[in-house]
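Engineer: Using only what follows, build the 3D model:
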Amino acid sequence: MTNEAVSTAASGAHGDLRDSHSLLPSVIPPVAESLRYNGRNFAQWGQLVELTLIGRELNDHLSAEMDPSNPSYKSWKRDDAIVHVLLLSSMTKDQLPRMAFLKTAKQIWEYVEKNALKKSNLWRTYELVIRAWNLRQGDRSVTDYVNELQTIWLELDHYRPIRNPDEWEYTLRDRMFKFLMGLNPEYESVRSQILNREKIPDLEQAIYLILEEEGRLQVVSSTLKEEASLGMIAKVKNQRTGEADLQSADKVTGQDAHETYQNRKSQGSRDNKSSIVCHYCKRRGHTKDKCWDLYGRPPRAQAHSAHTGVSDPEEAEPVEQGNVKCMGKSNTEEVIHLREELEKLKALLSSSAMTSTLTRPGKEPEDFTL
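Structural biologist: Reported below is the predicted structural model:
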């Protein structure tokens, strides 16, 4: 079979051959590109091929051939061709030229297996052991973590098959330790319980216990998130209520502060006025230049006095100077009234004197000064 024939057979595996009434459509499933044999993934590819052929009862074509003289040879040859095409159609294009001169499915299988194990068995085993040992759960779920570990272990079992039961028991124990070692810290309590048991469970039991703990933690986490959400809503609500109360309190406090300021201002004004003394009337609350006794009451003060009955809006207190005590506001009005009446009388007398002088010339006017 030439290279061109091999390529044609491989590319036509899902085409013309599927249109026939042979067993091919039920034997050759479509193979994803990532699963095709590329010279470095014999373990995964080989497992896929074996499972496919076992399901069709054609797996014996990988390990045995039939003598052409056998009466069933023709039927066997037909089935072998199907397996042959399956192997070729599940390889990458760069692998096909090497299979050009191989006549049976058994020859292809042995050639691929021999070269794959010869090239990469030791290094691939080393790589898988390191990868399994360094693997940690991290952001994965427990299920994903277990699946990745088991994928590595399956490939290791292919490269390094274990046939001794005692050795297999220790291998499973080591894998259980590795599984527990790579778990996240939240599983520490269950991990300690497993290791402190008198009889250490096997790998499957340990995985089951950890999966149960994962389910419990998910329920707890969901509950805590719900409570945190409700708490946040309550906190925001309380915060808004507190802000409203604070604004109301600030408003009241501001009003109180304004009133306090006005009261202090008024009190300070009264205190300042009470410390002022008039040098003319000797009363507190005003200075000499604003003394009513000296200059008279202004119109506004007169109106205030008529309305309230108080001649001075400030409560003037008598001031002692030596042994003399000046009168207070109660006597001041009488004094002012008497002075006004006296001024009127003097004006009247002065007017009378001038009249008398005009009627009797040559005679000096009399002095009526009081």
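
Engineer: Model confidence for residue 302, exactly?
Structural biologist: Looking at residue 302, its pLDDT is 56.

Engineer: cool, residue 329 as well?
Structural biologist: pLDDT at residue 329 comes out at 47.

Engineer: likewise the one 4 residues further on?
Structural biologist: Here, the pLDDT recorded for residue 333 equals 68.

Engineer: Equivalent analysis for the one 3 residues further on, please.
Structural biologist: With respect to pLDDT, residue 336 scores 76.

Engineer: so where does it fall, helix or strand?
Structural biologist: In this assignment (DSSP states H and E), residue 336 forms part of helix 329-359.

Engineer: Could you pull up the residues touching residue 294?
Structural biologist: Counting by CB atoms under 8 Å, 6 or more residues apart in numbering, residue 294 touches 280-281, 288. (C-beta placed from N, C-alpha, C; glycine too.)

Engineer: which of those has the most neighbours?
Structural biologist: residue 281 (20 neighbours; other CB atoms under 10 Å).

Engineer: Could you look up the SS state of it?
Structural biologist: coil (DSSP: H, G, I helix; E, B strand; the rest coil).

Engineer: I'd like to know how far residue 212 sits from residue 178.
Structural biologist: Distance from residue 212 to residue 178, counting by CB to CB, to the nearest Å: 20 Å.

Engineer: How about residue 63?
Structural biologist: 34 Å.

Engineer: Quick check: phi and psi on residue 198?
Structural biologist: phi -70, psi -40 (degrees, to the nearest 10).

Engineer: since we're on it, how many residues are nearby?
Structural biologist: Around residue 198 there are 4 other residues, counting by other CB under 10 Å.

Engineer: And residue 146, by the same measure?
Structural biologist: If you count neighbours by other CB under 10 Å, residue 146 ends up with 18.

Engineer: In contact with it, which residues are there?
Structural biologist: So residue 146 contacts 179, 207 (CB under 8 Å, 6+ apart).

Engineer: what about it, helix or strand, and which?
Structural biologist: Using DSSP H and E, residue 146 falls in helix 142-159.

Engineer: average pLDDT across that helix?
Structural biologist: 89.

Engineer: Which positions in it come out as buried?
Structural biologist: 142, 145-146, 148-149, 152-153, 155-156, 158-159 (16 or more other CB atoms under 10 Å).

Engineer: mind listing the helices in the chain by residue range?
Structural biologist: Along the chain, the stretches classed as helices by DSSP state H are 3-11, 24-27, 42-55, 73-89, 105-134, 142-159, 165-181, 188-195, 203-274, 292-295, 299-308, 329-359.

Engineer: picking that back up, out of the buried residues of helix 142-159, who's nearest residue 336?
Structural biologist: Distance to residue 336 across the buried residues of helix 142-159 (CB to CB) is lowest for residue 142, with 107.4 Å.

Engineer: Okay then, goodbye and thanks.
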